[in-house]
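Visitor: pasting the structure only:
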């Protein structure tokens with residue numbers, strides 16, 4: 001049974017270009033998430049998992065685009081292959097069918113572990129770089145969303161009972177950011 005070629009793409013931020021991940025690869029349907037890999041809420045991944053059928057091929061640029069960590073990667077691949085869906089990782093040149101050899105399963109685990117390790121190293125280097133920059137006084141953190149005048153205004157208006165949702169919209173900030181300013 002020949003099924004559809006389904007592409008799954010995940011970019012970490014809204015300004016990243018998703019097209020480069022499966023560029024030049026023909027797909028019948030494409031699911032694109034714009035979410036951090038650590039984020040458990042990936043609606044397009046969930047939609048893709050519900051959509052695929054036996055005989056389909058799921059194409060993903062690389063292992064780290066599909067899963068948050070090694071356990072997540074193995075769970076997703078085993079779920080798909082157990083339903084008769086082939087999974088292909090373009091960058092690594094690996095494919096999994098459910099009838100994989102012990103060597104293929106070892107490769108999945110090893111490559112997934114390397115991807116997880118690489119991500120941990122990147123985060124560690126980032127933390128070290130930020131600490132050094134803070135020590136030099138070069139790193140001030142993220143720029144504040146609101147000026148001090150706006151913060152005073154928002155606090156006064158919230159104290160008078162104005163809708164927090166409306167205030168967040170008016171100042172173009174999330175409700176969580178609004179609550180941080182109100183604390």
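Guide: Structure received. In this text the structure is predicted, and so the values were computed from the model without any measurement.
Visitor: can we go C-alpha only for contacts and neighbour counts from here?
Guide: Noted.
Visitor: can you count the residues close to residue 2?
Guide: Burial measure for residue 2: 8 neighbouring residues, criterion other C-alpha atoms under 10 Å.
Visitor: distance-wise, check it relative to residue 29.
Guide: Distance, residue 2 to residue 29, using C-alpha to C-alpha, to the nearest Å: 15 Å.
Visitor: now residue 173
Guide: Distance of residue 173 to residue 29, given as C-alpha to C-alpha: 34 Å.
Visitor: now swap in residue 127 and tell me
Guide: Taking C-alpha to C-alpha, one finds residue 127 at 38 Å from residue 29.
Visitor: any buried residues in the helix-or-strand element of the chain with minimal mean pLDDT, and which?
Guide: Ranked by mean pLDDT, DSSP states H and E, the helix or strand of the chain with the weakest confidence is helix 102-136, at a mean of 83. Buried residues in helix 102-136, defined by neighbour count with 16 or more other C-alpha atoms under 10 Å: 104-105, 108-109, 111-113, 115-116, 130.
Visitor: got it, and stretch 139-154?
Guide: 146, 151, 154.
Visitor: what does it contact?
Guide: 130, 133-134, 167, 171, 173, 181-182 (C-alpha atoms under 8 Å, 6 or more residues apart in numbering).
Visitor: and it, what's its mean pLDDT?
Guide: For stretch 139-154, the mean pLDDT works out to 84.
Visitor: what about that stretch, distance to the chain center?
Guide: Offset of stretch 139-154 from its chain centre (C-alpha atoms, centre = their mean, to the nearest Å): 28 Å.
Visitor: repeat for stretch 122-140
Guide: For stretch 122-140, the distance to the chain centre is 23 Å (C-alpha atoms, centre = their mean).
Visitor: kindly report the same for stretch 116-128.
Guide: 16 Å.
Visitor: which residues touch that stretch?
Guide: Residues from elsewhere that reach stretch 116-128 (C-alpha under 8 Å, 6+ apart): 64, 68-70.
Visitor: most widely separated two among those?
Guide: Maximum pairwise distance among the contacts of stretch 116-128 (C-alpha to C-alpha): 9.1 Å, between 64 and 70.
Visitor: picking that back up, same list (the contacts of stretch 139-154) but as JSON lines, adding distance to residue 9.
Guide: Below are the contacts of stretch 139-154 laid out as JSON lines (distance: C-alpha to C-alpha, whole Å):
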{"residue": "130", "distance to residue 9": "29"}
{"residue": "133", "distance to residue 9": "33"}
{"residue": "134", "distance to residue 9": "35"}
{"residue": "167", "distance to residue 9": "34"}
{"residue": "171", "distance to residue 9": "32"}
{"residue": "173", "distance to residue 9": "27"}
{"residue": "181", "distance to residue 9": "35"}
{"residue": "182", "distance to residue 9": "37"}
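Visitor: now for those residues: which two are most distant?
Guide: Top of the distance list for these (C-alpha to C-alpha): 133 and 167, 34.6 Å.
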